[in-house]
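J.: based on what follows, work out the 3D shape:
(chains A, B, C and D)
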2 protein chains.
Amino acid sequence: MSASTKLSTAVRALCFLAEHHPDPQTSADISKFSEINASKIRQILSMLVKGGIVKSSYGKKGGFMLNKEPAKLHLQEVYCAIEDRKAFYLNVSKSTAQIKPKLNSLNNYFLNFFADIQIDIEEKMKKITLEQILLHLKQ
Amino acid sequence: MSASTKLSTAVRALCFLAEHHPDPQTSADISKFSEINASKIRQILSMLVKGGIVKSSYGKKGGFMLNKEPAKLHLQEVYCAIEDRKAFYLNVSKSTAQIKPKLNSLNNYFLNFFADIQIDIEEKMKKITLEQILLHLKQ
DNA sequence: ATAAATGGTTACACTATCTGTAACAATTTT
DNA sequence: AAAATTGTTACAGATAGTGTAACCATTTAT
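T.: Next up is the predicted model:
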């Protein structure tokens, strides 16, 4: 699953949970709202549960519910919970095999460049809270 | 071909051309140095030719040569020449079909976010010249 | 003119990744 | 014990990326 798909799915689910807080919502409920398959919803929300962003309960009347105030939940936290790879992973091989020094040097140059970008993106994400997104939706 | 692969290939080729300036280098020569298939080299360099960054000549003693001073050629120009899509295109559908207003609103939010990132990346690219990259390689 | 060398373009099989879905195990509640 | 729910794994189909070849277009050299 691509990083952007996961993030988008997670945010849809989080918006839905925020609106129905504190009633638990099943993956079927969230699926209906978000138009994303219930199984995928569970896959992504299980990661948010591990990250402490969402709580889940089993059995009848079970489901998912927010575990953080929207004002205190920013996008970077969500992103970290669902993605271990780098956000915008790029195809610059870290070859272990023999490689020409110049090509290796170029690869490293690109890797550093993309690492910088990654940092910028995460900084931007830190400035966006779920609350802001919810406000945006109400406009 | 992914954006990062194209950019990386283009820069490898440009470095090689800069080092051998002003002698034309064939796609076979560049392929040998860059370890990238000659056909792919031609595919990417033909875009740089259209962008005015590289010149090409046919026939015996033909090949590719730089058409800009390394100090005046920045990465963003190269990127624009090889890529029409957005740099880090993300999977946020611009659905034309009926869609829930809230989901649509969320999609737009993400599109704006990613557009901002795109701008940042291009700004960063504008600050990197081929000359700088070449200096980095000589260290 | 002609042959040869080269760039330019298209096509294609192979691989890898992404997507949507189903199935079932694990857990909890009633 | 039964039912409802989350959590996890698996997999076929779709999509995109990669490496390569083939051939066309253009120019140069003789």
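J.: pull out the buried positions in the lengthiest helix in chain A.
T.: Looking across chain A with DSSP state H, the single longest helix is helix A:101-126. Under the neighbour-count criterion of 16 or more other CB atoms under 10 Å in any protein chain shown, helix A:101-126 has A:102-103, A:105-107, A:109-110, A:113-114, A:117, A:121, A:125 buried. Just so you know, the C-beta spots here come from the backbone N, C-alpha and C atoms, and that holds for glycine as well.
J.: now stretch A:72-91: average pLDDT?
T.: Stretch A:72-91 shows a mean pLDDT of 77.
J.: hey, where'd the helices end up in chain A?
T.: Using DSSP H, the helices of chain A run over residues A:3-19, A:27-34, A:38-50, A:75-82, A:101-126, A:130-138.
J.: now these in CSV, please, with extra columns for distance to chain B.
T.: CSV is the format used below for those (distance: least, CB to the nearest CB, whole Å):
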stretch, distance to chain B
helix A:3-19, 4
helix A:27-34, 7
helix A:38-50, 13
helix A:75-82, 8
helix A:101-126, 5
helix A:130-138, 5
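J.: so can I have JSON lines of these showing distance to B:Thr26?
T.: Below are these laid out as JSON lines (distance: least, CB to CB, whole Å):
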{"stretch": "helix A:3-19", "distance to B:Thr26": "39"}
{"stretch": "helix A:27-34", "distance to B:Thr26": "53"}
{"stretch": "helix A:38-50", "distance to B:Thr26": "49"}
{"stretch": "helix A:75-82", "distance to B:Thr26": "45"}
{"stretch": "helix A:101-126", "distance to B:Thr26": "19"}
{"stretch": "helix A:130-138", "distance to B:Thr26": "53"}
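J.: A:Glu131 contacts A:Pro70, correct?
T.: Yes. Assessed by CB atoms under 8 Å, A:Glu131 is found in contact with A:Pro70 at 4.0 Å.
J.: more crowded one of the two?
T.: Taking neighbours as other CB atoms under 10 Å in any protein chain shown, A:Glu131 and A:Pro70 compare with A:Pro70 leading, 19 against 15.
J.: mind listing what the more buried one touches?
T.: Applying CB atoms under 8 Å, 6 or more residues apart in numbering or on different chains to A:Pro70 gives the contacts A:18, A:129-131, A:134.
J.: go on, A:Cys15?
T.: Taking CB under 8 Å, 6+ apart as the test, what A:Cys15 contacts is A:130, A:133-134, A:137, B:102, B:106.
J.: for A:Ile30, same thing?
T.: Each residue near A:Ile30 by CB under 8 Å, 6+ apart is listed here: A:12-13, A:16-17, A:36, A:38, A:41, A:45, A:64.
J.: can you rerun that using 10 Å?
T.: With contact set as CB atoms under 10 Å, 6 or more residues apart in numbering or on different chains, A:Ile30 has these partners: A:9, A:12-17, A:20, A:36, A:38, A:41-42, A:44-45, A:63-64.
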